[in-house]
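Student: Give me coordinates for this.
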Amino acid sequence: MFFWALFRLSLQVLATVLCRLRAAVAPRVASSLRPAAALWLWAFRLHPERGRPNPKYPLLLPIFAFKGFFVENRICSLFNIEKPIVQAGMIWCSGWELASAVSNAGGLGIIGSGSMYPEVLRQHLEKCQAATSKPFAVNLPLLYPNIEQHIDSILEFKVPIVFTSAGNPAAYTQKLKAQGITVVHVVSSAKFALKAQAAGVDAVVAEGFEAGGHNGREETTTLVLLPLVKQVCSVPLIAAGGISTGRAMAAAFALGAEAVQVGSRFVASEESSAHLAFKSAVLSAGEGDTLLTLKELTPVRLLKNPFFQELVQAYQQGSSPEKLVEILGRGRAKKGMFEGDLDQGELEIGQVSALIRSIKPAADIVNEIWTEFQQTLVCMGNLVHNA
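Tutor: Below is the predicted model:
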């Protein structure tokens, strides 16, 4: 018993030393240190009766865990980031302040260009480069009317990573990759994931039905979507939809993800450009307060408000798609999320808003998710051990 106790103590010391060396080693290797150390400790948990490793678990497990010290997280390697946490590029919420803060915290910040005029995007790119020396990305909706001007700005400012969405990934993927840009595409189904992979993207974001904003018509939840995409795609998989905690991140990794994309949680950050009234509405949201609507046009998940009730009434009256377009009008998202009109604005947010109860600095959000993710891995090991 003394031998195994001493051995376990040595592993604890080793795990602590390795985790404290995270800042001194390559970030993409560092991302796997703590989980691997947790597996070491779990594998050598003392048997409660015999004072030696539990015979249920093969002693080869530490060998595979040790391999984790050297196996790179493909997303961390691809993006050259420390933590496999990506901040979603949300319209009216994701400007240079939020993107640079997330990147400075070790994740990947994304500027949401879908709500920006070309000259506004240029301003955000300039300010973001001044605020961080870390990699950041731009989200590029492929249906954006001035997309060529956006691409010109991306190339001029040498943005290293572009996330494309809402359109055919084949349209611009090769053009961007020819300039050395890493391209990631957002999908809502395994079918679209395969199309994105065939177009040559470097990774895909599989976004489940729970996500806020524009969504897929399939209504496939993240829990189902991730393994569906994982079994047909070989490119790295990023999970999105309903993720705001380290526990959710651990669940996504168990289903095959190598990173997570977080949106709604960063809406309620200090650096988010969302209006304070909208942030407050997010904090007050409860279970069932969002719903996917406007499937006849572009499916979008909205927080229920008087404008949303207008849509409900229109559906009850059997309104045509043309009538829905008339009701929607123009500028609803800006009015709600950026200007704070909680009655007549479009309030795009995910189901996970029911779990968000505070506005915090973006760096704190990144670090809390990352810490809880690592703690969850250890806790899950303990649960399996004690089963």
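Student: Give me the domain ranges for this protein.
Tutor: Domain assignment of the chain by automatic domain parsing yields the ranges 2-72, 75-273+360-371, 276-355.
Student: Could you save these as CSV and add columns showing mean neighbour count?
Tutor: From N, CA and C alone the C-beta is placed, and that goes for glycine too. Shown next, in CSV, are the domains of the chain (neighbours: other Cβ atoms under 10 Å):
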stretch, mean neighbour count
domain 2-72, 15
domain 75-273+360-371, 22
domain 276-355, 17
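Student: Distance to residue 380 and mean pLDDT added to these, as a markdown table?
Tutor: Shown next, in a markdown table, are the domains of the chain (distance: least, Cβ to Cβ, whole Å; pLDDT from 0 to 100):
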| stretch | distance to residue 380 | mean pLDDT |
| --- | --- | --- |
| domain 2-72 | 9 | 48 |
| domain 75-273+360-371 | 7 | 96 |
| domain 276-355 | 20 | 95 |
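Student: Residue 377: which of these is closest?
Tutor: Shortest distance between residue 377 and these, using Cβ to Cβ, is found for domain 2-72: 4.9 Å.
Student: so residue 340 sits right up against residue 280, yeah?
Tutor: No. Counting by Cβ atoms under 8 Å, no contact exists between residue 340 and residue 280, whose distance comes to 9.1 Å.
Student: Show me the strands in this protein, by range?
Tutor: 85-87, 109-112, 136-141, 161-165, 182-187, 203-207, 213-214, 237-240, 259-262, 290-293, 300-303 (DSSP state E).
Student: Mind checking those for the one nearest to residue 312?
Tutor: Short answer: strand 290-293, nearest of those by Cβ to Cβ, at 8.2 Å.
Student: Quick one: distance of that closest one to the chain centre.
Tutor: With Cα atoms, centre = their mean, to the nearest Å as the basis, strand 290-293 stands 20 Å off its chain's centre.
Student: Could you shift the numbering so residue one becomes 575, and keep it that way?
Tutor: Fine by me, first position is 575 from now on; the one you just mentioned is strand 864-867.
Student: Mind listing residues that contact that strand?
Tutor: Contacts of strand 864-867 from elsewhere in the structure, counted by Cβ atoms under 8 Å, 6 or more residues apart in numbering, are 783, 786, 789, 793, 873-878, 882, 885, 923-925, 927.
Student: Sheet-wise, list the partners of that strand with their directions.
Tutor: Applying DSSP bridges, strand 864-867 is found paired with strand 874-877 (antiparallel).
Student: quick one: contacts of the partner strand?
Tutor: Residues contacting strand 874-877 (Cβ under 8 Å, 6+ apart): 784-789, 855-856, 859, 863-868, 882, 920-925, 927.
Student: swap the cut-off to 7 Å and go again
Tutor: Outside strand 874-877, the residues that touch it by Cβ atoms under 7 Å, 6 or more residues apart in numbering are 785-789, 855, 859, 863-868, 882, 920-924.
Student: what's the closest non-adjacent residue to residue 723?
Tutor: Nearest in space to residue 723, with sequence neighbours left out and distances taken as Cβ to Cβ, 6 or more residues apart in numbering, is residue 692 at 3.9 Å.
Student: The one you found contacts residue 726, doesn't it?
Tutor: No. Assessed by Cβ atoms under 7 Å, residue 692 is found out of contact with residue 726, at 8.1 Å.
Student: Among the strands of the chain, which comes closest to residue 945?
Tutor: Of the strands of the chain, nearest to residue 945 by Cβ to Cβ is strand 659-661, at 11.3 Å.
Student: right, and the strands of the chain - which one's nearest residue 802?
Tutor: Of all those, strand 777-781 comes closest under Cβ to Cβ, at 8.0 Å.
Student: Check the gap between residue 746 and residue 842 for me.
Tutor: Applying Cβ to Cβ, to the nearest Å, the value for residue 746 to residue 842 is 32 Å.
Student: Verify the stated contact: residue 654 with residue 709.
Tutor: Yes. Residue 654 is within contact range of residue 709, at 5.4 Å (criterion: Cβ under 7 Å).
Student: and the gap between residue 912 and residue 795?
Tutor: With Cβ to Cβ as the criterion, residue 912 and residue 795 are 29 Å apart.
Student: Residue 686 too?
Tutor: Distance from residue 686 to residue 795, by Cβ to Cβ: 24 Å.
Student: Same question for residue 853.
Tutor: Following Cβ to Cβ, the distance that separates residue 853 from residue 795 is 26 Å.
Student: likewise residue 740?
Tutor: Distance of residue 740 to residue 795, computed by Cβ to Cβ: 20 Å.
Student: go on, residue 666?
Tutor: Distance, residue 666 to residue 795, by Cβ to Cβ: 26 Å.
Student: Quick check, residue 778 in contact with residue 814.
Tutor: No. Judged on Cβ under 7 Å, residue 778 makes no contact with residue 814 at a distance of 10.1 Å.
Student: which ones are touching residue 881?
Tutor: Residues in contact with residue 881 (Cβ under 7 Å, 6+ apart) are 906, 917-920.
Student: 6 Å instead?
Tutor: residue 918 (Cβ atoms under 6 Å, 6 or more residues apart in numbering).
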